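Asks: here is my input, please return the structure:
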Amino acid sequence: FTFKVCAFGEKMLARCRPLLFNTGKTSAFAQQIRSMSTHKDWVGLGEQDFFQKNEKLNRPMSPHITEYKFPLPAVLSVMHRGTGIFLSLSVSTAALTLALGGHELAWYIDLVQSLNLPSPVIFAGKAALAYPLTYHASNGIRHLVWDTGRNLDTIPGVYKSAYVVLASGALLAAGVACL
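Replies: This next block holds a predicted model:
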């Protein structure tokens, strides 16, 4: 069976070769590729070190990823994935701790209260725990709106929705922390 399929593929390739590879007139792109592959500076480079070869060819060193300024939508995309992973891990850890920890939820609440932390620290801790959830939910709603085709037509619309997501996530997290 395999032999027949391969033979059929070879016959089809033989028929399509003139269409795929123009054997008559050579395109400018093909000429450029050929000239690159026989570039005179490449002769004698052999098995040189990568960096030595690039230095000899006067190639610039690519900047590190920390040199780039990522656009806001890219940052929010990474944040959405990160908050999703954080939420998944934290809920799983909390469930396992409650199931296998040997204590009830009230015991853990009493433990935190026994630390006698100031109210601003408690509020900041609650907000820090709530923000991943509220941000992830807000960005999820943003994606649902995008699925309808809204706010995708212009870059300013995408940025405006990004700022709305950041603000709504922060306001909702502050509201949850007040509870």
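
Asks: what helix or strand is the residue nearest the centre of the chain on?
Replies: With distances taken as C-alpha atoms, centre = their mean, the residue of the chain nearest its centroid is Val78 (4.9 Å). Taking DSSP states H and E as the criterion, Val78 maps to helix 72-100.

Asks: following that helix, which helix or strand comes up?
Replies: Downstream of helix 72-100, the first helix or strand assigned by DSSP H and E is helix 105-113.

Asks: how about that following helix as PDB, C-alpha atoms only?
Replies: Extracted C-alpha coordinates of helix 105-113, given in PDB (Å, rounded to 0.1, in the frame of the first residue of the first chain):
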ATOM      1  CA  LEU A 105     -11.400  26.300  56.600                       C
ATOM      2  CA  ALA A 106     -12.200  28.100  59.800                       C
ATOM      3  CA  TRP A 107      -8.800  27.000  61.300                       C
ATOM      4  CA  TYR A 108      -6.900  28.700  58.400                       C
ATOM      5  CA  ILE A 109      -9.000  31.900  58.800                       C
ATOM      6  CA  ASP A 110      -8.200  31.900  62.600                       C
ATOM      7  CA  LEU A 111      -4.500  31.400  61.800                       C
ATOM      8  CA  VAL A 112      -4.400  34.500  59.500                       C
ATOM      9  CA  GLN A 113      -6.400  36.500  62.100                       C
END
